[in-house]
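1. got a structure for you, letters missing:
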């Protein structure tokens with residue numbers, strides 16, 4: 001079973017940048033598809049970006065394309081989300097998630113993922 005710990009959230013002005021990181025432990029990291037999801041108050045959890053086991057395939061939801069970049073380092077057991085050109089509507093709790101799979105695809109739905117971190121708050125002021 002993998003444990004996930006996110007870091008890097010905070011308060012930033014609109015147009016600014018943040019980099020979120022998620023460190024995994026307890027299992028072989030490259031066996032997991034990884035994803036970033038977010039949940040704003042009163043809204044459902046939604047996909048942000050996901051990445052396949054060896055980083056060959058990525059998925060971005062439409063509202064972050066061109067602004068966010070997901071990456072992973074299997075040697076360091078980390079997955080990161082670089083967020084640029086942040087908007088107030090990006091304000092949410094961001095979660096790192098993992099799915100154990102032999103497949104080399106980037107699963108896109110939150111319901112596909114088995115393990116979750118505790119979340120990190122991102123607040124973008126206007």
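-> On my side now, so go ahead. Just so you know, these numbers come straight off a predicted model, no measurement behind them. Numbers count the residues shown, from 1 in each chain.

2. which phi and psi does residue 88 have?
-> phi -60, psi -30 (degrees, to the nearest 10).

3. Point out where this protein drops to low pLDDT.
-> Counting by pLDDT under 70, the chain contains no low-confidence range.

4. how does it look with 90?
-> 1, 102-106 (pLDDT under 90).

5. residue ranges of the strands in this structure, please?
-> 3-7, 10-13, 18-25, 32-39, 46-51, 58-60, 68-73, 78-83, 92-100, 115-116, 120-125 (DSSP state E).

6. Let me have those in CSV, adding mean neighbour count and distance to residue 108 as columns.
-> To be clear about C-beta, it is placed using only N, CA and C from the backbone, and glycine gets the same treatment. Compiled in CSV, those are given as follows (neighbours: other Cβ atoms under 10 Å; distance: least, Cβ to Cβ, whole Å):
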stretch, mean neighbour count, distance to residue 108
strand 3-7, 17, 18
strand 10-13, 13, 26
strand 18-25, 19, 17
strand 32-39, 25, 8
strand 46-51, 22, 5
strand 58-60, 17, 5
strand 68-73, 18, 12
strand 78-83, 23, 15
strand 92-100, 22, 11
strand 115-116, 17, 16
strand 120-125, 17, 20
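
7. Reformat those as TSV; add distance to residue 107.
-> As requested, the strands of the chain are exported to TSV (distance: least, Cβ to Cβ, whole Å):
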stretch	distance to residue 107
strand 3-7	15
strand 10-13	28
strand 18-25	16
strand 32-39	5
strand 46-51	6
strand 58-60	8
strand 68-73	13
strand 78-83	14
strand 92-100	6
strand 115-116	13
strand 120-125	21
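
8. residues contacting the residue positioned nearest the centre of the chain?
-> Centrality entry for the chain: nearest residue to the mean C-alpha point is residue 36, 1.9 Å, by Cα atoms, centre = their mean. Applying Cβ atoms under 8 Å, 6 or more residues apart in numbering to residue 36 gives the contacts 20, 22, 48, 49, 50, 70, 79, 81, 94, 95, 96, 97.
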